[in-house]
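Visitor: Got a predicted structure here, sequence first:
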2 protein chains.
Amino acid sequence: MVDLQNDLFLRACKRLPVERTPIWVMRQAGRYLPEYRAVRQQFDFITMCKTPELATEVTLQPIDIIGVDAAIIFSDILVIPEAMGMPFEMHEGRGPVFPSPIRNEADAKILKDIDPADDLKYVLDAVSLTKSELNGRVPLIGFSGSPWTLLTYMVEGQGSKTFSAVKKMIYSNPKLAHSILNKIADAVSAYLSAKIEAGVNAVQIFDTWGGILSKDDFESFSMQYISKVISQVKRKDEPLIVFAKGVHFSLDQLADSGADVLGLDWTMDIGQVRKKFGDKVALQGNLDPTVLYADHEKIKQEAVKILNAFGNGSGHIFNLGHGILPDVPPENLKALVNVVKEESVVYHTA
Amino acid sequence: MVDLQNDLFLRACKRLPVERTPIWVMRQAGRYLPEYRAVRQQFDFITMCKTPELATEVTLQPIDIIGVDAAIIFSDILVIPEAMGMPFEMHEGRGPVFPSPIRNEADAKILKDIDPADDLKYVLDAVSLTKSELNGRVPLIGFSGSPWTLLTYMVEGQGSKTFSAVKKMIYSNPKLAHSILNKIADAVSAYLSAKIEAGVNAVQIFDTWGGILSKDDFESFSMQYISKVISQVKRKDEPLIVFAKGVHFSLDQLADSGADVLGLDWTMDIGQVRKKFGDKVALQGNLDPTVLYADHEKIKQEAVKILNAFGNGSGHIFNLGHGILPDVPPENLKALVNVVKEESVVYHTA
């Protein structure tokens, strides 16, 4: 932390005093940026993930171009299943696809324990290179999908509207689901620990698909393994953020999970959540990503509404309530970042 | 009501004593039934909606085959935009498509007021024919999409993951959005009133896409128009059900809307919701539709969990938390219906 020129993000994660509210946005290294698309035109997505120089290049773009307060290493949550033995393909317009999804015990046998230093060396190299290129300008975040979210992809094999395959597994063969989830949780823990070792300043767990479960099923098939990961990740001072989209029904458990920061989607009232949890966790979020389609005046209005709902004091990391959409004009994100930088100062004058 | 042999559903809607909890399921007249698919193989979807004999045939199938306690008239929410001047097409595997979506003032000019007796005569004829064929066995439900949900389809032109077109409209031209929503609300009110006049025993408003909005936007662009519809629908004794998927953040407003019954998706705890609202509204729901992929023992276990969470007394209509999925085995739905019929009796012995 001592080397950082801008450590607002890390201080906000720990609810230490800040001069203004820090901001970064999920998927900030992504398709909405013409500079990203220029790289993407030359290389396929998987090559970008696996080539540290390319991953570093696009990780740095939003720092240079947009001016966010944290970098997040460019990668994909599916690098873990791949390292466990499931190669994936990117199909344009259809997202990632596992040609051989896991549906039964025999399929699951192929899953192996991972050694991040070997199996995911390219991510760790990207972390080191990015750290060096960042040169202390802002902190670097590492991330992973939650065990449940990874399981959904591994079982479905691709995006799904109904998640029938993974739901069939948890209802008809919960033992198999739990045994795979345990294995994934160990892999996620090892992966996040290795990223911290390689130099990231904070880590975020994304539970993109926790919200498709009922409360009981969420606690059994997702929360339990998020908790396992949090207890297993080896960290010194690095904050841990947990973001479970659509999980309005188990925020208590997430706040009690040992995470330092709770990410909120845009359906939550950040002021009410803060009132409920007090000083237990910092909060990250939660502007509706589609507000970035609006004009700058409306963006300002909605951003100020969120700053105001959170209120005075530290413990708020401004973010969108989900990833930035690919067709957002970059100048609108820039307008948001500037508004948060300017308008948040008044909430931090004691 | 006097003519009905089974009025459990209507009594539960009004929180009057019942001998057991009634059950019906959303999309019960649908693709999961081989008998439905047999009709669908001969006729396209729109023809089925527009031919009273066909609509009646598939409406009755789940009554005869599954044994649910209410029928819901087979139709589609998009018949209203069509009556307002927007023809739609069904594209196999892609759902309904409006070739000319509404994006600006000029597009909106084509929207006309509807006269259900003329523009939607085929639905009213289907209601009359179904009533006559049902011959008092169970009540008949009529339905409509909410104004907001209809607007999303009319602006997007088709299914969407990000709803960028309709979000762009509400943020960049809220005046236009409100003016179209007002027009849709009047059409929905006239349509539901005409269905009641034609003989349906209850009506349900589906707000399928309310959950993509933040709380403030939901109240401004959806709730306001649901309330308008509820106040305008001409009904005598017919209960009104409102179901807004994913709208955990504005249940208070929905419970205060004047609806008799509040539908819940499977992410809500029906016991907690009942505790919160007491005798204000009856509750409908809320089994995770994917539980119907499980074996009968698991289905029983999950159904009993919900009966038990609701607890003793009337005011519960058992249903799924969303529509039944097309690849569910019909015998699993039948098992659910039987379990609810048998296991719910103990909650209604004073």
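Guide: Everything's here; your move.
Visitor: surely A:Val97 meets A:His91?
Guide: Yes - with contact defined as C-beta atoms under 8 Å, A:Val97 reaches A:His91; the gap is 5.3 Å. For the C-beta atoms, the positions are set from N, CA and C on the backbone; glycine is no exception.
Visitor: I'd like to know how many residues surround the spatially closest residue to A:Gly30 that is not a sequence neighbour.
Guide: Excluding the flanking residues, the one nearest A:Gly30 by C-beta to C-beta, 6 or more residues apart in numbering or on different chains is A:Tyr36, at 5.9 Å. Using other C-beta atoms under 10 Å in any protein chain shown, A:Tyr36 has 22 other residues around it.
Visitor: what kind of secondary structure is A:Leu10 in?
Guide: With DSSP: H, G, I helix; E, B strand; the rest coil as the basis, A:Leu10 sits in helix.
Visitor: and the gap between the nearest residue to it once chain neighbours are set aside and A:Ala70?
Guide: Closest residue in space to A:Leu10, ignoring its immediate chain neighbours: A:Pro139 at 5.3 Å, by C-beta to C-beta, 6+ apart. Note on A:Pro139: its distance to A:Ala70, by C-beta to C-beta, to the nearest Å, is 5 Å.
Visitor: what touches both of those two?
Guide: Shared contacts of A:Pro139 and A:Ala70, defined by C-beta atoms under 8 Å, 6 or more residues apart in numbering or on different chains, are found at A:9, A:202.
Visitor: contacting residues around the residue lying closest to A:His316 once chain neighbours are set aside?
Guide: Of all residues not flanking A:His316 in the chain, A:Phe310 sits nearest, at 4.5 Å (C-beta to C-beta, 6+ apart). Counting by C-beta under 8 Å, 6+ apart, A:Phe310 makes contact with A:21, A:270-271, A:274, A:283, A:316, A:347.
Visitor: Same question for A:Pro326.
Guide: Contacts of A:Pro326 (C-beta under 8 Å, 6+ apart): A:30-32.
Visitor: Chain A: strands as residue ranges?
Guide: A:71-72, A:89-91, A:95-97, A:140-145, A:202-207, A:240-244, A:261-263, A:282-287, A:316-320 (DSSP state E).
Visitor: Buried deepest among those, which one?
Guide: strand A:316-320 (a mean of 29; mean count of other C-beta atoms under 10 Å in any protein chain shown).
Visitor: Show me what that strand is packed up against.
Guide: Helices and strands touching strand A:316-320, by 3 or more C-beta pairs under 8 Å, 6 or more residues apart in numbering or on different chains; DSSP states H and E, are helix A:8-13, strand A:282-287, helix A:296-310.
Visitor: Before we move on, what's the pLDDT of the residue lying closest to A:Lys300 once chain neighbours are set aside?
Guide: Excluding its sequence neighbours, the residue lying closest to A:Lys300 (C-beta to C-beta, 6+ apart) is A:Val339, at 4.7 Å. The model reports A:Val339 with a pLDDT of 98.
Visitor: picking that back up, for the residue nearest to A:His316, give its distance to A:Ala303.
Guide: Distance from A:Phe310 to A:Ala303, by C-beta to C-beta: 11 Å.
Visitor: and what of A:Lys168?
Guide: 42 Å.
Visitor: Check A:Phe74 too.
Guide: 25 Å.
Visitor: And A:Lys341, by the same measure?
Guide: According to C-beta to C-beta, A:Lys341 stands 10 Å off from A:Ala303.
Visitor: between those two, which one's more packed in?
Guide: Neighbours per residue (other C-beta under 10 Å) separate A:Lys341 from A:Ala303, with A:Ala303 holding more: 24 against 18.
Visitor: How about the residues of chain A by chain B?
Guide: Counting by C-beta under 8 Å from any C-beta of the partner chain, chain A comes close to chain B at A:162-164, A:167-168, A:171-172, A:211, A:213-217, A:246, A:248-249, A:266-269, A:288-291, A:293-295, A:298, A:305, A:325, A:327.
Visitor: Quick check on those residues: which are buried?
Guide: A:162-164, A:167-168, A:171, A:211, A:213-215, A:217, A:246, A:248-249, A:266-269, A:288-291, A:293-294, A:298, A:325 (16 or more other C-beta atoms under 10 Å in any protein chain shown).
Visitor: Could you pull up the contacting residues of A:Met86?
Guide: Counting by C-beta under 8 Å, 6+ apart, A:Met86 has contacts A:98, A:100, A:102, A:110-111, A:154.
Visitor: what do you get if the cut-off is 10 Å, keeping everything else the same?
Guide: Taking C-beta atoms under 10 Å, 6 or more residues apart in numbering or on different chains, we find A:Met86 in contact with A:78, A:80, A:98-102, A:107, A:110-111, A:150, A:153-154, A:157.
Visitor: Over to A:Ala70?
Guide: A:6-10, A:12-13, A:22-25, A:28, A:62-63, A:138-141, A:201-202, A:317, A:319.
Visitor: Many thanks, we can stop here.
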